[in-house]
Structure formats: C-alpha cells, structure tokens
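> my questions are about this predicted structure, shown below with the sequence.
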Amino acid sequence: MPLRGAGSRGGRDAADGARLALANSHGKVGELAVRARYLDDTSGRGPSARWSGAAAAANARDAAQDSTAIAYIGDFDSGATRFSLPITNEARILQVSPASAAVDLVQPYLGAGDQVPEDVQPTGDRTFGRVIPSDEAQGKAAAAWAKQLRAKSVAAVSDGSRFGDVLVESFRSVATGLTRSRNADLLYYGGTAADIPGVVRKAATTQCSPQTVIASDALLGSPLLGRVPAACVLAGGGSPTGGGVLLTAAAQAPSQLPPSGQRFLRAFRQRYARDPGPYAAYGYEAMAVVLDSIRRAGDSGDDRDSVVSAFFDTQDRRSILGTYSIDDTGNTTLNRFTIYTVTAGRPVFDKALSAPPS
C-alpha cells in the first residue's frame, strides 16, 4: 500500500483494515498460523512521495522469493498493480486488491470476455482478483445516474488515458436512448485529475452553467472542486439543468455499509482511535477473503494453487461490504457505488447507487 505521501490516507486505512481482519481471526486459519508483512510501495519524500513501479515490483519479488508467502494483498493503485502482478502471477501467488479497479488487470481490453491479459498475468492462468468494482462498472453506474437525473442529452469526454477511455466506453454502453450532443445538459467526464479538458473545466466552474458534470472518483481531492460555484450546487435527485458537479465513487461511503459493516466501523474506531475512510472496509475484506480462501482450501491451505482455486470459487460471500461472488475474471459482483455532490468545494455524500448488471 502507499504508506507515505498524498495517497497514504487510503493506503493506511486499507492496511489497518487488513490488520483488524487478521486480528479477528487470531492469526490462525484452522491449524495454520498466519502472519502479515506490511510493505510500502511509495518512493520519494514528503508530500511528493507516491507509488513507484520499482517499489511495487520489489515488494512482489520479495513475496515471490518467500516460500511461506501464500497471498499478496495490493497494490492500492492500478498503476502499481501493473508492476507487481506479473511477478506474483509467475510465482502463482494469489493477489487480491482492495482498490485497483482497472479493466486491463483482468481483461486485455474492454469486452474481451474471459481472455486472460497476458501482459500482467503472463502464465495465462488467473491469480488476481479484487473486492472493489471495476472501472467498467463505475462508468455504467454513472450512466444509470444520468438517466435517473432525467437528462435528455449527454456528452461524454475522455482525457485520452486508458482509464478515461474505459469509463467513457462503459458510460456510452448504458446511456442508450440519451441524445448525444456537444451542448448536452449533462456532461460526463471519464479521466484523471491530471489533465482535465477545457470543456469540462468550463462546465464545472462557470457560474450557473446549464450543464451538470458527472465525473469519477479520480477527481476526489482535485483542486478543480474548489472552483465549483457554491450557488449552483445540484440538489440531490433534482434536474440536471441547474448545473453542478457530481462524483461517482467505487468505494462505498462508510455510512452506507450494511449492518456487519457498521460493526466493523465501531471496531476500527475502538482499535485505532480514528474514523476510517472508505477504503478501510475494502482492506479488511481483502484480508478476510484471503483468509477464507485458505480455510476453504482445507488441507491444502498452504498450497498456492489451491488457495487461488478457492478464491475463484468464492460464491455468495457475506461480507462487511455486502454479499458478493468472484466471477471467472476475478471481478467482484458487488455493484454498489456512492454519489457525491460538490458543495463549497468539497464532496458531500448524496446517495448510494447500484450499477446495472453486466
């Protein structure tokens, strides 16, 4: 996880969630003792520290060379996972991410079905899965929300990144029946916060803009949010013609977790004396499903291939995130998202949303 720098809040929350899951199992699965090592995948110093491909790869090699390593939880960022996954895949170590949502980690391209992405899983056998919905699911959730907002016309804009193109393509696959127009009353932005197109900046920051902007959780924390006019905030459930900025987030807001998730939140606060962020529950569940996979592997719980097979056999698992299964590609069937409205420069919880089924 990123334990330093700008991404450290989510990384530390996920790591502490994993620690709590292991503590709740008393460090054992049946007769097997389980311990965890917590590794930092960042490089650099101070606020400029961020995930590093070299650090992610070094961590994965560390695990691959440890004959007792049975699973690898991480990385947090999809970019870092692209460096660690080829190494853990060659070593046939189960890798479960709490936050890496990129489509190309489980498919070579969007719509590739059950084809294995051999760039990151070079053995041709799947060893990677995640407990957070994919970028494809997030794009579809945004389109479902656009329809709920009664948008008559939409425009979808990518920043040209792989991430942005997947979001836009997924959005368009569900936004059927909505007229596409440059002057649409709703503008969907699929992309990162690094190079936001001018048309998106203009719609988001113009006083009483006629366009509502929907963007992904990549914009959480973006300085752009501080320039959204306070007088033009979109009221929850209202018409999109009043402008405003909405964000979809793959990680559920802690307040929206089911009853078992609320018990987790209380335990987290008691153990760490702080409120958990959204990714704490996903770190907990990543560790919990790994431990459950070891358990379901039975007498072969210390065998890497058996634990991988058990993970992919995960069906109707009741977790703190809700009930889910792991599909043939390694994706979770969870489809719950959070919608935030940008108010006074900050994302404020609006509502929970479910993505349409694939």
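Sure thing, it's come through.

> right, and residue 20 touches residue 284 too?
Yes: look at residue 20 against residue 284 with CB atoms under 8 Å: they come within range, at 5.8 Å. Just so you know, the C-beta spots here come from the backbone N, C-alpha and C atoms, and that holds for glycine as well.

> ok, and the closest non-adjacent residue to the residue nearest the centre of the chain?
When CA atoms, centre = their mean is applied to the chain, the residue found nearest the centroid is residue 99 (3.7 Å). Using CB to CB, 6 or more residues apart in numbering and skipping residues adjacent in sequence, the residue nearest residue 99 is residue 76, 4.8 Å away.

> and for that neighbour, the neighbour number?
Using other CB atoms under 10 Å, residue 76 has 30 other residues around it.

> I'd guess it is in a helix, am I close?
No: Residue 76 is assigned coil when assessed by DSSP: H, G, I helix; E, B strand; the rest coil, not a helix.

> strands paired with the worst-scoring helix or strand of the chain on mean pLDDT, and their directions?
Lowest on mean pLDDT, DSSP states H and E among the helices and strands of the chain sits strand 179-180, with a mean of 76. Strand 179-180 has its sheet partners listed here by DSSP bridges as strand 153-158 (parallel).

> element containing the spatially closest residue to residue 131 that is not a sequence neighbour?
Among residues not flanking residue 131 along the chain, residue 285 sits closest, at 4.7 Å (CB to CB, 6+ apart). Per DSSP states H and E, residue 285 falls inside helix 279-296.

> beyond that helix, next helix or strand please.
As assigned by DSSP H and E, the chain's next helix or strand after helix 279-296 is helix 304-312.

> re earlier: any idea of the pLDDT on the residue nearest to residue 99?
Per-residue pLDDT puts residue 76 at 98.

> again with residue 104
97.

> wait, doesn't it sit right on residue 165?
No: if you go by CB under 8 Å, residue 104 and residue 165 don't touch, sitting 10.8 Å apart.

> burial count for residue 300?
14.

> distance of the closest residue in space to it that isn't next to it in sequence relative to residue 95?
Sequence neighbours aside, residue 306 is the residue nearest to residue 300 in space, at 3.6 Å (criterion: CB to CB, 6+ apart). Separation of residue 306 from residue 95 (CB to CB, to the nearest Å): 15 Å.

> name the SS class of the spatially closest residue to residue 93 that is not a sequence neighbour, please.
Leaving aside its chain neighbours, residue 93 sits nearest to residue 72 (5.3 Å; criterion: CB to CB, 6+ apart). In three-state terms, and counting by three-state DSSP, residue 72 is strand.

> is residue 72 in a bridge, and if so with what?
Going by DSSP bridges, residue 72 forms beta bridges with residue 95.

> quick one, what contacts it?
Residue 72 is in contact with 60, 63, 84, 88, 93-96, counting by CB atoms under 8 Å, 6 or more residues apart in numbering.

> same thing but 6 Å
63, 88, 93, 95 (CB atoms under 6 Å, 6 or more residues apart in numbering).

> tell me which element the first one falls in.
The one in question is residue 63. Assigning secondary structure by DSSP H and E places residue 63 in helix 53-64.

> buried sites along that helix?
Going by neighbour count (16 or more other CB atoms under 10 Å), the buried part of helix 53-64 is 55-60, 63-64.

> same deal with stretch 126-142?
Across stretch 126-142, burial judged by 16+ other CB under 10 Å covers 126-142.

> not counting sequence-adjacent ones, nearest residue to residue 193?
Closest residue to residue 193 apart from its sequence neighbours, by CB to CB, 6+ apart: residue 222 at 4.0 Å.

> that neighbour: neighbour count?
Neighbours of residue 222 (other CB under 10 Å): 18.

> can you tell me how far it is from residue 201?
For residue 222, the distance to residue 201 (CB to CB) stands at 10 Å.

> what is in contact with the two at once?
Common contact partners of residue 222 and residue 201 (CB under 6 Å, 6+ apart): none.

> look at residue 213 and give its secondary structure.
When classified by three-state DSSP, residue 213 comes out as strand.

> that one touches residue 204, doesn't it?
Yes: counting by CB atoms under 6 Å, residue 204 is a contact partner of residue 213 at 4.8 Å.

> shared neighbours of these two, which are they?
Shared contacts of residue 213 and residue 204 (CB under 6 Å, 6+ apart): residue 245.

> what sits against the closest residue to residue 221 other than its chain neighbours?
Leaving aside its sequence neighbours, residue 221 sits nearest to residue 193 (CB to CB, 6+ apart; 7.4 Å). Each residue near residue 193 by CB under 6 Å, 6+ apart is listed here: 218-219, 222.

> let me have those residues in JSON lines, extended by pLDDT and distance to residue 179.
Listed next are these as JSON lines, based on pLDDT from 0 to 100; distance: CB to CB, whole Å:
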{"residue": "218", "pLDDT": "94", "distance to residue 179": "26"}
{"residue": "219", "pLDDT": "95", "distance to residue 179": "25"}
{"residue": "222", "pLDDT": "92", "distance to residue 179": "28"}
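
> which of the residues you listed sits closest to residue 300?
Nearest to residue 300, judged by CB to CB, of the contacts of residue 193 is residue 218 at 39.9 Å.

> once you drop chain neighbours, what's closest to that closest one?
residue 192 (4.9 Å).

> what's the local residue count around that neighbour?
Other residues near residue 192 come to 16 when the count uses other CB under 10 Å.

> next one: residue 52
Residue 52: 19 neighbours (other CB under 10 Å).

> what about residue 167, how many residues nearby?
30.

> just confirm it contacts residue 140, I think it does.
No: using CB under 6 Å as the test, residue 167 is too far from residue 140 to be in contact (9.5 Å).
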